[in-house]
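Undergrad: Give the three-dimensional model of this entry:
(chains A and B)
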There are 2 protein chains.
Amino acid sequence: MGQKAEVIARLFYPRAVAVIGVTASPERVGYNLLESIVSAGFKGRIYPVHPRLETLAGLPVYRSLEEVPGPVDLAVVGVNQLAALEVVEECGRKGVKGVVLVAGGFKETGPQGEALEKRLVEVARRYGMEVVGPNTLGLLNTHAGLNATFYPLGELPRGSASFITQSGGVGLAILQKARDEGLGIGKWVGVGNRSTLEPADYLEYLAQDESTSVIGLFLEGTEDAGRLARVAGKVARQKPVVVYKVGRSGRADFAALTHTGSMAGSYRMYRQIFGEQFGLLMVENTLAMVAACKALALAPRPAGNGVGVVTHTAGPSIVFLDEVAMGGGVFPAFAPETMEKIKGILGENPPVVLKNPLDAAGQGMQAATFGRLLEAVAQDPGVNLLAAIFCQHRHWRCPTPEILAVRERYGKPVVALYIAALDEVRPERDILQGRGVPVYLTPEEASWGATALIHYALRRGEGE
Amino acid sequence: MGQKAEVIARLFYPRAVAVIGVTASPERVGYNLLESIVSAGFKGRIYPVHPRLETLAGLPVYRSLEEVPGPVDLAVVGVNQLAALEVVEECGRKGVKGVVLVAGGFKETGPQGEALEKRLVEVARRYGMEVVGPNTLGLLNTHAGLNATFYPLGELPRGSASFITQSGGVGLAILQKARDEGLGIGKWVGVGNRSTLEPADYLEYLAQDESTSVIGLFLEGTEDAGRLARVAGKVARQKPVVVYKVGRSGRADFAALTHTGSMAGSYRMYRQIFGEQFGLLMVENTLAMVAACKALALAPRPAGNGVGVVTHTAGPSIVFLDEVAMGGGVFPAFAPETMEKIKGILGENPPVVLKNPLDAAGQGMQAATFGRLLEAVAQDPGVNLLAAIFCQHRHWRCPTPEILAVRERYGKPVVALYIAALDEVRPERDILQGRGVPVYLTPEEASWGATALIHYALRRGEGE
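TA: You can find the predicted model right below:
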């Protein structure tokens, strides 16, 4: 592990955290930085620092960082940009190697802020520190019960999907969508102004982080794009990286520049380098980002791009097919043995055309029949990935046990599309997802999930 | 109203419904057809028909349609394709003008089914009847408490967004997503095999249906595409039509043919006719369909394509801008008076670059400040549509009352992006949506909503 990666590891797994700039007012950033850490269930030491307060959130408050009795791995700093440099200097003197600096007012605001950020970087370099931000929401790591942001979220469900986002707000949008999707998060960092740490640095760390199985990367733009693409391409040979680059319209660049001081760079260039040269999966919205990461986090990689679909409702399977075909999936005709099995289940002359996608119409609404069809298709030599499409119904139960049996017996990945309202399908979904079957509620999200699996089946080992 | 439209009106607002092919077994279609109607709160007469059963769902069962005492406007038929013709003939003799025919096994299955469907059409023509389907899930109309499908959904929330889908399953996916989005549905019909009724027929009816304010159209394909596009173009001059045509990959055509017997036709052709020639809004997935229809159903049309954004988190506003810019929106620089007002609120030198999208950073998290900024931007002469972007937080309340005040005071449409988990944001969302502000949880869905409003602001009066 390189020196940067070691410090980043410490940022995500600190033994002790100091929170500097705490206040007693719930509408202030400092208060929420502390509450975020406490409410996430952090098990290490927490040292709030404030010159006058005595206790906060049931913890003793220290007058200064110097007075904190033990070593500190991570300082979460809530003071504004004018006070930040002195605090970072204090951190350096205390031997703190990692700092989360929330304040804006740096490079993103113009020459004055740029000068301030330059001095910040000098201080950090002098002490061998790394700074997350400035101008960031922070980071979190469910595996350490750590939420070093000013968004208290309680204890989040753990998972193996980790995210690096060049925007705290987009990071939050992804985290919240992931919660709605029942996708557990591993780590997340809002990159902010990239004062000492580039997205590529976090990526190198997550590449060797054992609790991360898939990495989602949201980018506005970075001067470091060449290195980032090389690193991402290399990482993707070990674990999948999903890239969402904003800027398709070409109108987002100025906005990005004034946000995190980043040159967005042309979308086409990113597409070419990340997508074509390094074979990374690129998605076009946060919904697809979460859908893709969910599939990659939960399901095994298929051995090829052959998709077999079983359903009782053709339309969604056609939408699914259309979208997956654009992402490189194929829907092979079933082998003669498979067709024999299907006829054995549905009869010689069912009132449907037997093909792939297999629409069993009314008969397919019986979970047992659905399961037998799925099993037949799972054994087809041309099928590497299964899609099970079912509309939840009050009186026909979902084929959840049948899907799990096929998933476990044949080892091939299964993506389920359960058409239903979220509240009604959540229990079934959580059972399936707990055992390696990602579940989606719209045909397109299911297809984005399947496409991600196929992408990393086809591109395995590609890239520089 | 033409003759077809009159029959269709009767289909959606029947005074009396006969359900033919009912059974006492909850896992059968006939049972669910009856339960769907009863549980949706239908207030007209319901006549279950079965040769031997006495009562069902607390209703007296009639031995045959002939024995039903009063006139019947709609017959919902659950028998299979082999028994269907005789039943439709009976309907004709009874004077029933509208039939929902669920069974598959017609044109979509090959020559034999095609012959059967031809005979079905002959019977319908002879009696001047219209058939929804065959091979359809059916239709529903929340304004009549009518659910004439075999998917009992209880009483659905009413709304003004109506859908025509050439697939029952995709229709269900849209309905369920709409439920999750808090979007009330007006009417929905699964087109099925288009034996006597084309999508264009339903469209002509919905065009003059006063309780429908926006129409969503999902298409696999139809030989009638030319007429459909002309009708849709004409309808869109009165009320917005959102079109989702599957088949971008070119691989969906065979699947569609064996589904509803439709030639899908090239996606490019549809894009050209519907999108370019007739100026209809085309979307590329069910999520965008629901997002667009939600905005069009809830918000007024903007007077132009100028968008003003207020937020405390830049990243999501950049994603929003990028996507909206692709859909024809512009983000004008604020007028000098607006900039003065903003400086009056945030101070002369806030630690952010003042521009549109306006990221007020920390200050923008105070709902009162957010509201004042939104009010300033609402008064900008270049701004026709407002976007309010806020990440829900445990201790900073959402600017819901402020958004409503601006919405009501200035009359300009507002789209809100509340980044949050669905369960946590639902109450705030429902308040806003109840008063004309569509709320989204991801930046892209917000942008699809805003784009739809802009599209129908720009294209008003265009088309043939």
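Undergrad: near chain B, which residues of the stretch 301-450 of chain A show up?
TA: Taking CB under 8 Å from any CB of the partner chain as the criterion, the stretch 301-450 of chain A approaches chain B at residues A:311, A:313-319, A:321-323, A:325-326, A:331, A:351-353, A:355, A:357, A:359, A:361-362, A:366, A:389, A:391, A:393-396, A:419-422, A:441-445. No exception for glycine: its C-beta is placed from N, CA and C like everyone else's.
Undergrad: Inside strands: which ones of those?
TA: Among these, the ones falling in strands (DSSP state E) are A:T311, A:D359, A:I389, A:C391, A:I419.
Undergrad: Surely A:V309 forms part of a helix?
TA: No: counting by DSSP: H, G, I helix; E, B strand; the rest coil, one finds A:V309 to be strand, located in no helix.
Undergrad: For A:G171, see how far away the closest residue to A:F106 other than its chain neighbours is.
TA: What sits nearest to A:F106 in space, not counting adjacent residues and going by CB to CB, 6 or more residues apart in numbering or on different chains, is A:E117, at 4.1 Å. Spatial separation of A:E117 from A:G171 under the definition CB to CB, to the nearest Å is 21 Å.
Undergrad: quick one, which of these two is more surrounded?
TA: A:G171 (32 against 27; other CB atoms under 10 Å in any protein chain shown).
Undergrad: now that one: how far from chain B?
TA: According to CB to the nearest CB, to the nearest Å, A:G171 stands 8 Å off from chain B.
Undergrad: before we move on, which element is that residue in?
TA: helix A:168-180 (DSSP states H and E).
Undergrad: now the angle between helix B:168-180 and that helix, please.
TA: Computed by axes from the mean of the first three to the mean of the last three CA atoms, to 10 degrees, the angle separating helix A:168-180 from helix B:168-180 equals 120 degrees.
Undergrad: Give me the spatial nearest neighbour of A:R459, chain neighbours excluded.
TA: Using CB to CB, 6+ apart and skipping residues adjacent in sequence, the residue nearest A:R459 is A:G279, 4.2 Å away.
Undergrad: That neighbour: neighbouring residues, count only.
TA: 21.
Undergrad: What is the three-state secondary structure of it?
TA: coil.
Undergrad: Help me confirm that it comes into contact with A:A236.
TA: Yes: judged on CB atoms under 8 Å, A:G279 makes contact with A:A236 at a distance of 6.9 Å.
Undergrad: What's the PyMOL syntax to select whichever of the residues of the stretch 301-450 of chain A next to chain B are buried?
TA: Buried members of these, defined by 16 or more other CB atoms under 10 Å in any protein chain shown, are picked up in PyMOL with:
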select buried, chain A and resi 311+313+314+315+316+317+318+319+321+322+323+325+331+351+352+353+355+357+359+361+362+366+389+391+393+396+419+420+421+422+441+442+443+444+445
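Undergrad: does A:A148 sit in a helix, a strand or a coil?
TA: strand.
Undergrad: Ignore what I typed, I meant A:A333.
TA: The three-state label given to A:A333 by three-state DSSP is coil.
Undergrad: quick revisit: what's the first helix or strand after the helix holding A:G171?
TA: Taking DSSP H and E, what comes next after helix A:168-180 is strand A:185-190.
Undergrad: how about that next one, does it get close to chain B?
TA: No: on the criterion CB under 8 Å from any CB, strand A:185-190 is out of touch with chain B, staying 8.5 Å away.
Undergrad: Can you give the distance of that strand from its chain's centre?
TA: 7 Å (CA atoms, centre = their mean, to the nearest Å).
Undergrad: Repeat that for stretch A:123-133.
TA: The answer for stretch A:123-133 is 26 Å, by CA atoms, centre = their mean.
Undergrad: what's the answer for stretch A:129-138, then?
TA: Chain-centre distance of stretch A:129-138: 19 Å, with CA atoms, centre = their mean.
Undergrad: just stretch A:216-230 next, same as before
TA: That offset, for stretch A:216-230, works out to 16 Å (CA atoms, centre = their mean).
Undergrad: Which parts of it count as buried, going by neighbours?
TA: So, applying 16+ other CB under 10 Å, buried residues of stretch A:216-230: A:G216, A:L217, A:F218, A:L219, A:E220, A:G221, A:T222, A:A225, A:R227, A:L228, A:A229, A:R230.
Undergrad: now check that stretch, is it near chain B?
TA: Yes: with CB under 8 Å from any CB as the criterion, chain B is reached by stretch A:216-230 at A:F218, A:E220.
Undergrad: Count the residues that sit near A:P157.
TA: A:P157: 11 neighbours (other CB under 10 Å).
Undergrad: same deal with A:V131?
TA: A:V131 has 27 nearby residues by other CB under 10 Å.
Undergrad: From what I see, it and A:L197 are in contact.
TA: Yes: A:V131 is within contact range of A:L197, at 6.9 Å (criterion: CB under 8 Å).
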